[in-house]
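S.K.: coordinates only, sequence not included:
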């Protein structure tokens, strides 16, 4: 991997792209520490660092946000939510489905609709977030985070507009990264946000070990955390790279006596175990976080109880509720199956194989082939659901077992490893295009 980076740095075009990525990520991180107008920084500091058992960051904000109480507080979250909604609507709405099939022009129209939808979601979420800052933390009988002289409607409106504008600016940064960088810009922003929060989490873990009642207890807790995360990283890499290889033969090549053999002596059609990626988890977190947004507008004891029941992380100091954890797992299963069913179309795959003269050994072309692929995809979907659930439950279990919230866990590691592996593959392909050998060297 280090050799790939060294070779990439020697290529002027790739080096320019890497420097451009670093520059935009620096701008993103600078904006994430610019406070909203009217925020009382002294009170904010006392709240965030007065209680070391909480991180002050929810899993939702850690994945998709740019840091609490800043102009980038919502980060890329509205755009991600809008993208997921549009992906689902393209399969449910015939007009959008046809638009997607119209080539580049249709995809540009869908992208434009996604931007408008993201701006609308950002406006609603910014208003709810700023309103919740008037009584922080939500449902906890807290305090107003705005300075006393700035506790008026004009300041609240300005803060909401600043937060919404920050999200629009981040959307522009993400598209610039995608267009002129390497890989997906939105993924890079989430990647940077997670890495920026890790030093504080590492500090809390070290503080947990050093402040324990004895060195034996502290050392045991530290070893437990390191062992768990080593196992998670290994597990994530294996599943992320795992695939189900369906053997495929080509009747025309076989008849011509020039069968093209791949690895293992036969051609194959790869189906990844991690078909849906991390989208089911992000979508489940977004839905679970929605009642907290409503609580920002509607301060009500009943809604506060709903937020407590749905809480599945100790990010804001609320106790973890078993109902919230169970519903979180159910939603991960549901979204994984739902998204996988739209990501792969067995009928189209079987039809394309039939047109190309390809077939699966022992399976008749046409409907039997599509049924076989459908069954395989469903099995992979179940495996993926279990995998996502284990990954998502890891930080919850650690929060219960350990005396301090570490703020990141299996989900964030899944995102970090996925983005890192994809980035390395993109670099390798760039090098191969320029006559470098990359991993093949």
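M.R.: Happy to help now that I have it. Keep in mind that what you see is a predicted model, and the values were worked out from it rather than measured.
S.K.: pretty sure residue 37 is touching residue 156, no?
M.R.: No - look at residue 37 against residue 156 with CB atoms under 8 Å: they stay out of range, at 9.5 Å. All C-beta spots, glycine's among them, are computed from the backbone N, C-alpha and C.
S.K.: the two - which one has more neighbours?
M.R.: Neighbour count, other CB atoms under 10 Å: between residue 37 and residue 156, residue 156 has more, with 20 against 17.
S.K.: what about the residue nearest to that one when sequence neighbours are not counted, how many neighbours?
M.R.: Of all residues not flanking residue 156 in the chain, residue 130 sits nearest, at 5.4 Å (CB to CB, 6 or more residues apart in numbering). By other CB under 10 Å, the residues close to residue 130 number 27.
S.K.: again, but for residue 80
M.R.: 23.
S.K.: that's a strand at it, yeah?
M.R.: No - going by DSSP: H, G, I helix; E, B strand; the rest coil, the assignment for residue 80 is helix, not a strand.
S.K.: that one and residue 186 touch, don't they?
M.R.: Yes - the criterion here is CB under 8 Å, and residue 80 meets it with residue 186 at 6.5 Å.
S.K.: quick one: the strands in the protein?
M.R.: Along the chain, counting by DSSP state E, strands occupy 243-250, 267-272, 358-359.
S.K.: to residue 120, which of these lies closest?
M.R.: strand 267-272 (33.2 Å; CB to CB).
S.K.: quick one: low-confidence ranges for the stretch 251-400 of the chain?
M.R.: For the stretch 251-400 of the chain, the stretches flagged by pLDDT under 70 are 251-266, 293, 295-300, 314-318.
S.K.: list the buried residues in stretch 215-222.
M.R.: Neighbour counts over stretch 215-222 (16 or more other CB atoms under 10 Å) mark 218, 221, 222 as buried.
S.K.: what's the closest of these to residue 338?
M.R.: residue 221 (38.3 Å).
S.K.: distance of the closest one from residue 200?
M.R.: Distance of residue 221 to residue 200, given as CB to CB, to the nearest Å: 18 Å.
S.K.: and residue 215, by the same measure?
M.R.: From residue 215 to residue 200 the distance is 23 Å (CB to CB).
S.K.: kindly report the same for residue 313.
M.R.: 16 Å.
S.K.: and for residue 198, the neighbour number?
M.R.: Residue 198 has 15 nearby residues by other CB under 10 Å.
S.K.: please report the distance of it from residue 273.
M.R.: On the measure of CB to CB, residue 198 and residue 273 end up 26 Å apart.
S.K.: how about residue 86?
M.R.: 26 Å.
S.K.: repeat for residue 196
M.R.: Applying CB to CB, the value for residue 196 to residue 273 is 30 Å.
S.K.: tell me the contacts of residue 381?
M.R.: Counting by CB atoms under 8 Å, 6 or more residues apart in numbering, residue 381 makes contact with 275, 276, 336, 337, 340, 341.
S.K.: one step back: tell me which of residue 313 and residue 200 has more neighbours.
M.R.: Taking other CB under 10 Å, residue 313 and residue 200 do not tie; residue 313 has more neighbours (27 against 15).
S.K.: quick check, that one in contact with residue 320.
M.R.: Yes - between residue 313 and residue 320 there is a contact at 6.8 Å, judged by CB under 8 Å.
S.K.: what do the two both touch?
M.R.: Counting by CB under 8 Å, 6+ apart, the shared contacts of residue 313 and residue 320 are 396, 399.
S.K.: quick one on the thing from earlier: so of the strands of the chain, which one's packed in deepest?
M.R.: Ranked by average neighbour count under the criterion mean count of other CB atoms under 10 Å, those are headed by strand 358-359 at a mean of 20.
S.K.: paired strands for it, with orientation please.
M.R.: Using DSSP bridges, strand 358-359 pairs in its sheet with strand 243-250 (antiparallel).
S.K.: ok now the partner strand, how far from the chain's centre?
M.R.: 30 Å (CA atoms, centre = their mean, to the nearest Å).
S.K.: cool, stretch 198-214 as well?
M.R.: The answer for stretch 198-214 is 26 Å, by CA atoms, centre = their mean.
S.K.: in it, what's buried?
M.R.: Applying 16+ other CB under 10 Å to stretch 198-214 flags 201, 204, 205, 208, 209, 212 as buried.
S.K.: just name the closest of these to residue 367, please.
M.R.: Using CB to CB, the buried residues of stretch 198-214 come closest to residue 367 at residue 201, 51.3 Å.
S.K.: in the protein, which helix is the longest?
M.R.: helix 367-401 (DSSP state H).
S.K.: just the angle between that one and strand 243-250, please?
M.R.: 170 degrees (axes from the mean of the first three to the mean of the last three CA atoms, to 10 degrees).
S.K.: in helix 367-401, which residues are buried?
M.R.: Judged by neighbour count (16+ other CB under 10 Å), helix 367-401 contains these buried residues: 369-370, 372-374, 376-377, 380-381, 383-385, 387-389, 391-396, 398-399.
S.K.: now that helix against strand 267-272, angle please.
M.R.: Orientation of helix 367-401 against strand 267-272 (the same axes, to 10 degrees) gives an angle of 30 degrees.
S.K.: related to what we said a few turns ago, ok, and the most crowded of the contacts of residue 381?
M.R.: residue 336 (28 neighbours).
S.K.: OK, contacts around that one?
M.R.: Neighbours of residue 336 in contact, by CB under 8 Å, 6+ apart: 276, 280, 381, 384, 385, 388.
S.K.: would you turn these into JSON lines with distance to residue 267?
M.R.: Converted to JSON lines, the contacts of residue 336 look like this (distance: CB to CB, whole Å):
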{"residue": "276", "distance to residue 267": "26"}
{"residue": "280", "distance to residue 267": "31"}
{"residue": "381", "distance to residue 267": "24"}
{"residue": "384", "distance to residue 267": "25"}
{"residue": "385", "distance to residue 267": "29"}
{"residue": "388", "distance to residue 267": "30"}
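S.K.: nearest to residue 422, of those?
M.R.: residue 276 (15.1 Å).
S.K.: the closest one against residue 342, yeah?
M.R.: No - between residue 276 and residue 342 there is no contact under CB under 8 Å: 9.3 Å.
S.K.: perfect, I'm done here.
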